[in-house]
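Undergrad: What follows is a predicted protein model with its sequence.
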Amino acid sequence: MSALALDFRLRGNDASKVTFFLGGIVTKFGVFLPVSGRAASRKTLMQAAQHAETLGYDSVWAADRLVMPWKIETSYPYSKESTFIVPPDRPFFDTLTCLAFLAGCTEKIELGMSVMVLPYRHPLHWAKIATTIDQLSTGRLILGVGVGWMEEEFAAMNAPFKERGKVSDEQLTLLRKLWTEEHINFHGQYYNVNDIAFLPKPYRQPRVPIWVGGEGKYAQRRAGQHGDAWFPYFVRVTPEALAAGFANVRAEAKKAGRNPDEIELACCLPVELTPTDGPQITDYLKGSVQQVAARLKEFIAVGAIHIGLQFMIPHYPERLEQIERFAKEALPALKSA
């Protein structure tokens, strides 16, 4: 049973007033990997994942980018300034390759994509790689997926930007068949498959968890139709707004003929730790370890079963210090909350 299946209630018709009772479910926490920028290297990546595992984090997360145009006019939805945060003259490792590498460097920590952009990849190719990672990691992969946002990147990949949502939906429909059927036939608008085998099947059963990223109504519909979890990344969000969005996901699941209780709520949240207590902003996690932990409990209270933390410190050594500090001073109490 889903963590959120224990109790879900809407007060009247107001979707923003949603209450979840988790009944002993322990929320998991993950951290983002240094897959881009000056810190990105084999040694740093391996040490970051192994250290996160030792510190007690439940997951590590790799962002996704295939090419970096020198000029980006598309507005970036995940920064305060609406500009992409990684310059084009800095390395950006491939997310699938990184997680395959880390499958052999770690023992128990989950390996997540936040999120892999589907529509400029062929589904047979990326599904084979993802399933192989799941096998090699003995079922530790979390398949975070999204439709992308950078039009210039789609142009470089000769992929249809305006149709990216429909392409992604069709890929996820095909993926279910790849993971469950012996003789696979599929005939869609973008992909056609005639009587093929697809092996291996996932190590984790019944399948690798599909966590659908994106924040808007189309992403919520996609999560309701195809996802095992809704996995948004909000630069600014309140627990109440997150709960309202998840209510929409559940409604979309019901429309699609699915049991809404099969879908969980996860999220990525930017975090800034300060040495001492500071003024609190209602929709942004910034403050001392104790203040941020208290705020995270509010997200746990509305049903978040897994939270990816992105520590917003550009210089990696200082970022690592915050990751360590949070793990030692906050994680034990949060996991027992």
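TA: Looks like it arrived, so ask away. Source: prediction; values computed, not measured. Residues are numbered from 1 along each chain as shown.

Undergrad: who are the neighbours in contact with the residue lying closest to Gln189 once chain neighbours are set aside?
TA: Leaving aside its chain neighbours, Gln189 sits nearest to Glu170 (6.4 Å; criterion: Cβ to Cβ, 6 or more residues apart in numbering). C-beta coordinates here come from the backbone N, C-alpha and C atoms, glycine included. By Cβ atoms under 8 Å, 6 or more residues apart in numbering, the contact list for Glu170 reads Gly188, Gln189, Tyr190, Tyr191.

Undergrad: any idea how far Asn192 is from Glu170?
TA: 11 Å (Cβ to Cβ, to the nearest Å).

Undergrad: same question, Met116
TA: 23 Å.

Undergrad: ok, the two, which is more surrounded?
TA: Met116 (23 against 10; other Cβ atoms under 10 Å).

Undergrad: Show me what the helix or strand in which Ala130 is found is packed up against.
TA: According to DSSP states H and E, Ala130 maps onto helix 123-136. Contact here means 3 or more Cβ pairs under 8 Å, 6 or more residues apart in numbering; DSSP states H and E; on that basis helix 123-136 packs against helix 95-103, strand 141-146, helix 164-180.

Undergrad: Compare these and give me the one nearest Trp230.
TA: strand 141-146 (10.8 Å; Cβ to Cβ).

Undergrad: residues in contact with that closest one?
TA: So strand 141-146 is contacted by 59, 61, 99, 103, 110-118, 130, 133-134, 168, 172, 204, 208-214, 219, 231 (Cβ under 8 Å, 6+ apart).

Undergrad: Who's the closest spatial neighbour of Gln171, skipping the chain neighbours?
TA: Pro123 (4.2 Å).

Undergrad: Could you do Glu252 as well?
TA: Per Cβ to Cβ, 6+ apart, closest to Glu252 is Gly224, 2.8 Å.

Undergrad: Report how many residues lie close to that neighbour.
TA: 23.

Undergrad: Kindly report the same for Gly56.
TA: Gly56 has 13 nearby residues by other Cβ under 10 Å.

Undergrad: please renumber so the chain begins at 46
TA: Sure, I'll start counting at 46 from here, so that last one is Gly101.

Undergrad: That one reaches Glu374, doesn't it?
TA: No: with contact defined as Cβ atoms under 8 Å, Gly101 does not reach Glu374; the gap is 11.8 Å.

Undergrad: quick one on the thing from earlier: by how many degrees do the helix holding Ala175 and helix 209-225 diverge?
TA: 50 degrees (axes from the mean of the first three to the mean of the last three Cα atoms, to 10 degrees).

Undergrad: Check what pLDDT Gln234 gets.
TA: On pLDDT, Gln234 comes in at 98.

Undergrad: where's it relative to Ala204, distance?
TA: From Gln234 to Ala204 the distance is 14 Å (Cβ to Cβ).

Undergrad: between these two, who's got more neighbours?
TA: Higher neighbour count among Gln234 and Ala204: Ala204, with 18 against 10, using other Cβ under 10 Å.

Undergrad: Which of the helices or strands spans the more buried one?
TA: Per DSSP H and E: Ala204 is located in neither a helix nor a strand.

Undergrad: That one: what's it in contact with?
TA: Counting by Cβ under 8 Å, 6+ apart, the residues that Ala204 touches are Pro164, Tyr165, Val212.

Undergrad: If we use 6 Å, what do you get?
TA: Applying Cβ atoms under 6 Å, 6 or more residues apart in numbering, we find Ala204 in contact with Pro164, Tyr165.
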